[in-house]
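# here you go, sequence then predicted model.
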Amino acid sequence: MKALYLLAFLLTGNHKESEQCFVDTIEEAFKKQAVFKDWVESWVRRSLIKNAIHVVSPSTARNSEKRDLWGVRQGDTQRECEIDTVTKLDPLERFVFVMSILEHHSDRECARLLGCKMDEVAQLQMKALCCLADFGAVDTPFNGHLLPSG
């Protein structure tokens, strides 16, 4: 459950929309009649991504979206965690980064779900990686611990 909520947060960048995506996905899971047992996890993750796309509309979203911090509490330092660094990306860059780099969807699948061209997906991947490098998080997506499965 934590990994699914984290995925929702990385995509939406705020807690309210993350909760909405998470709840919508869980409700859908209980309404579905049959999903093969071995496909449940990938089906749920894909459904969550589709719900996040519906909620955020990253193709038309602007930089004025409300972004939350992942877990800053009173008295914490201003040091941003890796998750907050990803949520700083523009919406479409963030979706492409999370879907293609963290979730390992093909460029073709990302383009289809996001309603853009494959070459645009490749450009957005590079732009996102450059932005993350500028934010000082160049090793974040590759450490293998950001989005655990299960």
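That came in fine, so what should we check first?
# and F9, how far from I101?
With distances taken as C-beta to C-beta, to the nearest Å, F9 is found 16 Å from I101. Bear in mind the C-beta positions are built from the backbone N, C-alpha and C, glycine included.
# higher neighbour count, those two?
Set F9 next to I101 and count neighbours by other C-beta atoms under 10 Å: F9 wins out with 24 against 19.
# state the helix or strand in which that one lies.
helix 2-12 (DSSP states H and E).
# name the helices or strands packed onto that helix?
helix 15-31, helix 40-56, helix 82-87, helix 91-96 (3 or more C-beta pairs under 8 Å, 6 or more residues apart in numbering; DSSP states H and E).
# and those as a markdown table, adding distance to A128?
Listed next are these as a markdown table, based on distance: least, C-beta to C-beta, whole Å:
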| stretch | distance to A128 |
| --- | --- |
| helix 15-31 | 19 |
| helix 40-56 | 15 |
| helix 82-87 | 9 |
| helix 91-96 | 4 |
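# quick one, which of these is packed in tightest?
Comparing the helices and strands packed on helix 2-12 by mean neighbour count (mean count of other C-beta atoms under 10 Å), helix 91-96 ranks first with a mean of 24.
# so which elements touch that helix?
helix 2-12, helix 40-56, helix 107-114, helix 118-134.
# tell me who's in contact with S42.
S42 sits next to no residue when contact means C-beta atoms under 8 Å, 6 or more residues apart in numbering.
# how much space between it and T85?
Separation of S42 from T85 (C-beta to C-beta) stands at 26 Å.
# pLDDT averaged over stretch 68-84 - what is it?
Averaging pLDDT along stretch 68-84 gives 65.
# and what of stretch 104-112?
Mean pLDDT, computed over stretch 104-112, is 96.
# switch to numbering from 799
Okay, using 799 as the starting number, the last item reads as stretch 902-910.
# just give me how far it sits from the chain centre.
Averaging C-alpha positions (C-alpha atoms, centre = their mean, to the nearest Å) puts stretch 902-910 13 Å from its chain's average.
# sweet, I'm off.
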